[in-house]
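**Q** test case, fold it:
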Amino acid sequence: MSRKGITGVVTAVFLGWAAVAFGGVSFIYPAPNTWVENSNHLILKLNSTEVTGVRVGVNGVVSDLLVVGSPEYRRAFQDILIVQPVWDRGRNEVTVETFIGNNRAEAAQASVYFAPGAKASDIPPEFKANSFHQPDLEARCVGCHDMAPSSDKSLSTLAKENPCIGCHRKMLDVKFVHGPAGTYSCGYCHKEKATPRFAVTKREAALCNECHGDKAAEFAKRKYIHGPIAGGMCEVCHDSHGSANYSQLKAPINELCLSCHESIKKTPHVVRTTTGTGHPVSGAKDPSAPKTGREMSCISCHNPHAGDVRYFFVNNAEDRLLLCQMCHNK
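**A** Next comes the predicted model:
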């Protein structure tokens, strides 16, 4: 289906914060007036076995009619509808219309706030965070999902056995997957006895350094430490599960760096060439690392974590010409 508010993909996945009914339709995930960081699922309980079709709208863009009344659909999903929404950043007004045959049966509405990578402090106060693993919501899933897996299953590195992958597989459908996520070692970071259940009880460097302690020790030896590292904020740059970018970065390298260092975009960088432009920072192979085949970027010259010189030059030399000579050695 083309982009008409949702992608018509139906899967047996149940996520959410609270089941709130508006008319005959319950919004399971996201719950009304909550905020989300991803756009993986919109889950609705239709509360009727007579409904044969559903239309979903997001900010006025409405889907085609989704057929939910066939015997095959009913056997697989009963009165649950799961689709992949296409949220707009910020506030989304979600509308749902149900049909019995050609007749419109119910209409429902909810507001959802989409903020990928945002902090809770950035979210308007009327929107709450989602938390699915609550007893009343998990009870809706037991028909298809094992919501009380054994310790052996929870620790299984086999996709067919691991209880998390059935719902959360999509976060691993990226080019660069973090090691623990790729081996389905969810239980290392997510704790069953946490509140809420399966929450991460440690975040940022406190958690990351349990595995990456060698890196933390290496950075600590350096004279200058990049601000996010000094603050223990690994997740500012890295996605803990995976991403489309090298080192599980949340955005391509230059885009990520310039999201903080905005002034670099406004003036020629390093030197002004005869054409009036600055030194290239993209669009060419990185001559400092020819074996990697990577494109030139901010990390061609700057270490993103720490260094012994003020600007984190990768060769740790105070003399800037020595940095230039890494590539310009003739």
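
**Q** quick one: end-to-end length of stretch 299-311, please.
**A** End-to-end distance for stretch 299-311: 11 Å, by Cα to Cα, to the nearest Å.

**Q** can you point out the buried residues in that stretch?
**A** Within stretch 299-311, the residues that qualify as buried are Ile299, Ser300, Cys301, His302, Asn303, Pro304, His305, Ala306, Gly307, Val309, counting by 16 or more other Cβ atoms under 10 Å. To be clear about C-beta, it is placed using only N, CA and C from the backbone, and glycine gets the same treatment.

**Q** surely the third one touches Phe313?
**A** So that's Cys301. Yes: judged on Cβ atoms under 8 Å, Cys301 makes contact with Phe313 at a distance of 6.3 Å.

**Q** now do the shared contacts for these two.
**A** Common contact partners of Cys301 and Phe313 (Cβ atoms under 8 Å, 6 or more residues apart in numbering): Leu323.

**Q** the buried residues of stretch 299-311 in strands, which ones?
**A** Ala306, Gly307 (DSSP state E).

**Q** check the buried residues of stretch 299-311 and tell me the two furthest apart.
**A** Spatial extent of the buried residues of stretch 299-311 (Cβ to Cβ) is set by the pair Ser300 and Ala306 at 16.9 Å.

**Q** and which of the buried residues of stretch 299-311 is nearest Lys291?
**A** Nearest to Lys291 among the buried residues of stretch 299-311: Ser300, at 13.6 Å, using Cβ to Cβ.

**Q** which residues does the closest one contact?
**A** Val281, Asp286, Ser288, Ala289, Val314.

**Q** which of those residues count as buried?
**A** Buried among the contacts of Ser300 by 16+ other Cβ under 10 Å: Val281, Asp286, Ser288, Val314.

**Q** which of these has the weakest pLDDT?
**A** Lowest in pLDDT among the buried ones among the contacts of Ser300 is Ser288, which has 77.

**Q** settle this for me: it is touching Cys327, isn't it.
**A** Yes: if you go by Cβ under 8 Å, Ser288 and Cys327 touch, sitting 5.7 Å apart.

**Q** shaky segments in the chain?
**A** Along the chain, the parts satisfying pLDDT under 70 run over 1-23, 330.

**Q** neighbours around the residue nearest to Gly187 when sequence neighbours are not counted, how many?
**A** In this structure, Gly187 finds its nearest non-sequential neighbour in Ser154, 5.2 Å apart by Cβ to Cβ, 6 or more residues apart in numbering. By other Cβ atoms under 10 Å, the residues close to Ser154 number 19.
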